[in-house]
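> Build me a model from this:
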Amino acid sequence: MKMYMKQGWQLAVKHFHLIILLFLYQLLWGFFLYRFIDSVVSPLLRRFPAAYPSDTAVHLFLTEAQFQLLKTDILTPYVWMLGGLFAIRMLLTPLFNAGLFYSLHHSSTRGEGAAGGGTKFVEGIRKAWKPVMLLHWAEAALALAPGFWVLPHALDAYLQGGSNVDLLQSVLPGAGLWLFWGVLLHLLFLAMQLGAASKEGILHSLGRALRHIVSFAAISLVMWAIGAGLGLLITGVSLLWAGLFALILHQGYNLVRTLVRVWTIAAQYECLQSK
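Residues are numbered from 1 along each chain as shown. All right, here's what the predicted structure looks like:
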């Protein structure tokens, strides 16, 4: 496993300019999403009775908000805007993934371009965007499918008004299975996308991932744990030293998180290729 992590790190460092590009993409996406949420939430919060927060005033505020949400079309433009942002995300992310996956294969010591230099991000988008995008959409659809059963069941359990323990006992099994289903789908579809980008074949890569799912899942969990540990460390430090330093630290961590993501994918690729 250490070998996969080391080889993945070396492969990720070769793509540092792509890491910068992905970091800027995530930064712009986060900015526009923040501005969208702020434009929706801030006008509502201005109407909250902060000066005289009595039970009657709060109840009146909630009643008015419920009326506007359910009886008017106030949400329509926001729903369309959110749907548009989601559609743009679903179009752009597979393009970046296609270029990254193709370039990882090209730059790997086991890839077709091992003897050459540089990366092939743009060429990867041009050659592999169709299968990667279709697989990305299929993964999203299959990952969201259990929500049509889990979410209504959780809502019914909440409306029944039982204790928190009863609510957790009712919801946690379905949520746990949904999480397991999402993780399994992500690993298998990642293998298929890597196979599509490297021209090795989708079914061939899927079969390899299934045969070696234990080692593939193990390296994935280790890399995810590293990312989660760094996130907790940054959060803890920012709580101890709040202020400008914490703001700079959080902005810099976005770059580190992107680096860890590319490192994780590179380590997963090396694990599959070694089999």
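> Point out the other helices and strands that the helix or strand harbouring Leu167 packs with.
Under the criterion of DSSP states H and E, Leu167 resides in helix 164-198. Packing partners of helix 164-198 (3 or more Cβ pairs under 8 Å, 6 or more residues apart in numbering; DSSP states H and E): helix 76-107, helix 121-144, helix 147-159, helix 202-211, helix 213-240, helix 244-274. No exception for glycine: its C-beta is placed from N, CA and C like everyone else's.
> Which of the ones you listed sits closest to Ala12?
Among those, helix 244-274 comes nearest to Ala12, with 4.2 Å by Cβ to Cβ.
> Report all helices and strands that the closest one contacts.
Using 3+ Cβ pairs under 8 Å, 6+ apart: helix 244-274 touches helix 2-14, helix 16-46, helix 76-107, helix 164-198, helix 202-211, helix 213-240.
> Ala65: which of the ones you listed is closest?
helix 16-46 (6.7 Å).
> And for the helix or strand just after the closest one, what's in contact with it?
Sequence order places helix 55-71 as the next helix or strand after helix 16-46, per DSSP H and E. The contact list for helix 55-71 (Cβ atoms under 8 Å, 6 or more residues apart in numbering) reads Leu44, Arg47, Phe48, Pro49, Ile74, Leu75.
> again with stretch 218-231
1, 4-5, 8, 187, 253, 256-257, 260-261, 263-264, 267-268, 271.
> For that stretch, buried residues please.
Ile219, Ser220, Met223, Gly227 (16 or more other Cβ atoms under 10 Å).
> Give me the distance between the third one and Asn97.
Computed with Cβ to Cβ, to the nearest Å, the distance linking Met223 and Asn97 is 17 Å.
> and what of the last one?
Relative to Asn97, Gly227 is positioned 17 Å away (Cβ to Cβ).
> for Glu200, same thing?
In terms of Cβ to Cβ, Glu200 sits 16 Å off from Asn97.
> One more: Gly8?
Distance from Gly8 to Asn97, by Cβ to Cβ: 16 Å.
> Could you do Phe32 as well?
From Phe32 over to Asn97 (counting by Cβ to Cβ), the distance is 20 Å.
> Same check on Ala197?
Ala197 is 8 Å from Asn97, by Cβ to Cβ.
> out of the two, which sits in the busier spot?
Neighbour count, other Cβ atoms under 10 Å: between Ala197 and Asn97, Ala197 has more, with 28 against 24.
> And the more buried one, what's its pLDDT?
If you check Ala197, the pLDDT there is 91.
> By mean pLDDT, which helix or strand of the protein comes out lowest?
helix 55-71 (a mean of 72; mean pLDDT, DSSP states H and E).
> how far off helix 16-46 does it point, in degrees?
Orientation check (axes from the mean of the first three to the mean of the last three Cα atoms, to 10 degrees): helix 55-71 against helix 16-46 gives 120 degrees.
> Where does pLDDT dip in the stretch 51-200 of the chain?
Residue ranges of the stretch 51-200 of the chain with pLDDT under 70: 51-54, 68-70, 109-118, 161-162.
> Okay, buried residues for the least confident helix or strand of the chain please.
Under 16+ other Cβ under 10 Å, helix 55-71 has no buried positions.
> Count the neighbours of Ile213 for me.
If you count neighbours by other Cβ under 10 Å, Ile213 ends up with 14.
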